[in-house]
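J.: My questions concern the predicted model and sequence given below.
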Amino acid sequence: MSLFKARDWWSAILGEGEEFDQGCLCIGDVDNSGSGYDKVVVGSYMGMLRIFAPHATKPGEQKGADAQLLEVQLRDPVIQVDVGKFVSCSELLHLAVLHPRKLSVYAVSGTSGNVEHGDQYQLRLIYEHNLQRTACNMTYGPFGGVTGHHFICIQSMDGMLMFFEQESYAFGRFLPGFLLPGPLCYCARTDAFITVSSTRQVECYRYEALAVATDADTLQDSEQQSKSSGKRLSAEWTLVLGEQALDICVPSASPMASSIYVLGERNLFCLRDSGQIRFMKKLEYNPSCFLPYASVSEGTTNLLVGNHNNMVLVYQDTTLKWAAQLSCVPVAVRIANFPDLKGLVVTLSSEGHLQCSYMGTDPSFFTVPKVDAREVNYDEVDAEMRALHKVIREATKKQDIIPKAEAEEDITVTAVVSSELDDDSQAHVPELNGLAVPSVKVKVKISSHSTVQSPKMSVCVQPPLAVTQDQFVLDSLGSGSQQVVTFSAFLNGQYTPADLTGDIAVSFSSPTGVPRVAQCKFVLPLRLVCCPTSPSKNAKYKITVDTNKPPVNLNEVFPEFVEKAEDKEGNALAFQFIAGSRVTVLASKTSQRYRIQSESFEDIWLVAKELVQRFDRHFAKLGVKDFRNTFSGPIPLSEYFERVDHHFELRVNAQKYQDLLSERAVQFRAIQRRLLTRFKDKTPAPLQNLDTLMEGTYRQVIALADAAEENRACLVQAFSRLRSATHLLILLVSLWQGLSADQTTILEATLLPLLQDTPQLGWEESVDAAVSHLLRTCLSRSPKDQAVSLGTTQLSMLKDTSRLKKHIMLLCDRIGKGGRLSLSSEANVPTPVMMPAACETIPEPIAEQEEEDPALQQEATAKFIKKKQPSKKVKSKTESSKEKKEKDSGKEGKKDSKEPAKEKESKKDSTKDSKESSKESSKESSKESKKEKKESSKDKEAAVEPGKEKTKVSKKASVKVKEKKKESEAGDG
């Protein structure tokens, strides 16, 4: 027997098919025996009333045989039972039974039997009240401070409090702002009623305020409502809980004076009589019932809390002292004293399981036998201690917020793709473009290491790929069991997929009920979407991949595509995509190069990816460790931007179709309203061609809807082609600059942030924001620009793609100059490779920032305005070099004719100063200026568009004129 399991002292199963709730159980000396011991009274929704006197069973005696004193079948369901002094002419305890439309008060009496059958108990009706409203619950107490008697207050389902002074009805009051009934309790210390309204706040009403408020019967009569003399009912105090309450209890023991306990759905509240919170306990479970009772420690309170995990927990204020396991979920809990044992916990479940239990265990009379003493091996103990210390150090060395994954998962999912295509294709469309559509079988094995309940498997592939079945409901798995599921994948569209990878997710519940997900990936073969064909000599798009090893036979690298290979030497191989164009791979006989060419730019992606991966595997099998694939460039940005423009054009068309469709829909509804008005008019009026207009509008709506649907299908295909082209661009950039796996992942996340387009967020604005962030952080030229964070404005659809294309060009340019992609702040430091040694670090970022953002342009110009002010501390060594630059900038300023008037004035002043200060060194400076002009012009051409070259050069020249003026003034000083 577990220490933390409630010990069953006495229990009983009450009927079959009956239902019970928290008000169906009460404890008290209902038969007035005077012994001081309690009886258990239980009522059910089926109308059964039972009274028990539990006692410990003797050995050989039938359990609970004579514990039941009375069982009566009442006509109405029993909502609540209570024991109190409810009769005016007697101070004995009576039983109050609340029915939906009736309140009955009974007297329970017992007669000593003279035969072996024992005592006889009878239930006698004293009085009853027929209720005009359906009752919900009740409470009792000495309302108004009476002594020796108890009054009853019943709360109806529509929010009326009905007060009964024993045999007579006193008055009724409606609660303000009532919607749904909540728990109700009476506090004798303050003579007030506490309830929780449907607004999820605790409300307290004084009995005195209820008595003098407007009567409920008066409120029902609208004519007499204005004439009523009662006061408006208002709460004494309120407290917002923020959750619904399950029960309210006001204990009467002295240590718990001025305490009101409220059990919420997620928290336990302890309030003072004034409505202030004494303490609150957050519960990590779903409670079902609770009971505060007196504690042996002064100033504290003990609480019994039952939950839906079949547990009873004992709290001392907010500290958990004990937890015991029950056999069922308790809906009511009480503490009772019986002849054999005091302080027993009485619990009742919703199914009628009545149990009297106690905490702890029975004393054990088992004594452990003595063992033979043996010597301790201290060396083994020290070794074990060192091993344990090592485990502790490893565990406490790194404490992550996210817990580490368990060493052994509950479920292991493995997917195996068949190496051969299916003999009988499972494709929905047998042929596309005159080519047979094959299918391939995928075998998934689910291995369970523990008991798994209701697992479900989902399969996801990228369109236009499809599977025969994407949802599977599996049987529950036991520990060590396996289950195999098979399905087929095939092509189901008129375009080539951008990714041949699929995902498998298995969702299940662990043995403790925690939801878990196990995932697995699989890669479909290239043979699924293309077939071998004869090579073509010419193509529109060509890409060359370089290697550092001698050329290999392509037939060995692609053995499944050798069927129609005309070149037996393996120098040429062609792939015909089922829903695309032909892709040819040519191997050079003399050099270590491979050319991939096709009439479709995006179709090159899958073949290029497969070629690079198979080359890596081929040379890895041969034991070659220094094999590398490279791309010498240039990056095909113009071809890539064609796909970007086509995708953006379809998005703009989709927005236009949506706007036109909404306009025609508004027009169509307006015509319908006018026609309906004409048809409802009693005097017939001419339609004035409204029917013809409605028919024409309807045709326009249908035509626009069809066009929008067709544009949506084209947009899905265009996005798939854009994804393929983007994957190809990422592959070429990584081969071009030899990016690491982490840098390639960052680049892929930047250029492919979405798996599909949505009307709210598209590919263009997402990529523009991501690329701009990289250009301002890890790829920025100036360390100050790294502090500029990306704005938190909401992304919206771009007006055009020119800005996006500039940013992508700038991204490739900076990566080509040695930029390093990184997300860590330590790595965001510009490398010296990015700038030539003889160039200044000022002009190039200005030109780039002018292309990027007007805000950055203003920030850059502000830097140079500050630099115009002369410095008083200038070293003599730097004067000569500055004079040389002044000469150069002065000459460039004469050649430029598109400068503002202010810059021209600065030129004149600066040229005068430069002539006076640099007469002797004019010949030497002219030679060096020519070299600097050539280097600066190269840098300009790398970062400036051809159409805007002249304007950018003039801006750089004006900047140098400003520098010249500054330096000349510093020289004079």
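T.: Noted; the coordinates are in hand. Predicted model only: the values in this text are computed from it and were never measured. Numbering: from 1, shown residues only.
J.: Against Gly762, how distant is Tyr495?
T.: Here the criterion is C-beta to C-beta, to the nearest Å. By it, Tyr495 lies 19 Å from Gly762. Where you see a C-beta, it was placed from the backbone N, CA and C, and this is true even at glycine.
J.: and if you look at Ser588?
T.: Following C-beta to C-beta, the distance that separates Ser588 from Gly762 is 41 Å.
J.: Compare these two and say which is more crowded by neighbours.
T.: More neighbours surround Gly762 than the other of Ser588 and Gly762, with 22 against 13 (other C-beta atoms under 10 Å).
J.: give the contact list for that one.
T.: 651, 754, 797 (C-beta atoms under 8 Å, 6 or more residues apart in numbering).
J.: quick one, phi/psi of it?
T.: phi -110, psi 180 (degrees, to the nearest 10).
J.: One more: Ser349?
T.: Backbone geometry at Ser349, expressed as degrees, to the nearest 10, gives phi -100, psi 170.
J.: shouldn't it be in contact with Cys328?
T.: Yes. Taking C-beta atoms under 8 Å as the contact criterion, Ser349 and Cys328 are neighbours in contact, 4.0 Å apart.
J.: Who has more neighbours out of the two?
T.: Using other C-beta under 10 Å, the more surrounded residue of Ser349 and Cys328 is Ser349, with 21 against 16.
J.: OK, contacts around the more buried one?
T.: Under the contact definition (C-beta under 8 Å, 6+ apart), the residues listed for Ser349 are 20, 328-331.
J.: what bridges to it?
T.: In this structure, Ser349 has the following beta-bridge partners (DSSP bridges): Pro330.
J.: average pLDDT for the longest helix anywhere in the chain?
T.: Of all the segments assigned as helix in the chain under DSSP state H, the longest by residue count is helix 690-737. For helix 690-737, the mean per-residue pLDDT is 91.
J.: Where in the protein is the helix or strand with the lowest mean pLDDT?
T.: In the chain, no helix or strand scores lower on mean pLDDT, DSSP states H and E than helix 843-852, which sits at a mean of 38.
J.: quick revisit: from the contacts of Gly762, which land in helices?
T.: Among those, the ones falling in helices (DSSP H) are Arg651.
J.: between the contacts of Gly762, which is nearest Phe508?
T.: Proximity of those to Phe508 (C-beta to C-beta) peaks at Leu754, which lies at 29.5 Å.
J.: residue contacts, that closest one?
T.: Here Leu754 is in contact with 761-763, 766 (C-beta under 8 Å, 6+ apart).
J.: how about low-confidence regions in this structure?
T.: For the chain, applying pLDDT under 70 flags the ranges 1-3, 58-65, 113-118, 216-231, 253-257, 361-374, 397-408, 563-569, 782-793, 824-973.
J.: Domains in it, by residue range?
T.: The chain resolves into domains spanning 141-215+233-282, 411-527, 532-610, 637-822 when parsed by the TED database.
J.: which residues of the stretch 251-400 of the chain fall in strands?
T.: Residue ranges of the strands in the stretch 251-400 of the chain, as given by DSSP state E, counting those that start in this stretch, are 260-264, 267-271, 277-282, 287-294, 301-307, 311-316, 319-325, 330-337, 342-349, 353-358.
J.: Enumerate the sheet neighbours of the third one, specifying parallel or antiparallel for every one.
T.: Using DSSP bridges, strand 277-282 pairs in its sheet with strand 267-271 (antiparallel).
J.: tell me how far the ends of stretch 742-762 are from each other?
T.: By C-alpha to C-alpha, to the nearest Å, the extent of stretch 742-762 from end to end equals 25 Å.
J.: Give the buried residues for it.
T.: By neighbour count on 16 or more other C-beta atoms under 10 Å, the buried set for stretch 742-762 is 743-744, 746-747, 750-752, 757, 762.
J.: Ser425 is in contact with Pro431, correct?
T.: Pro isn't right for residue 431; it's Glu. No. Between Glu431 and Ser425 there is no contact, the gap being 9.8 Å when judged by C-beta under 8 Å.
J.: the more surrounded of the two?
T.: Taking other C-beta under 10 Å, Glu431 and Ser425 do not tie; Ser425 has more neighbours (17 against 11).
J.: and the more buried one, helix, strand or coil?
T.: coil (DSSP: H, G, I helix; E, B strand; the rest coil).
J.: ok, back up a step: any idea which of the contacts of Ser349 is closest to Ala235?
T.: Val331 (29.0 Å).
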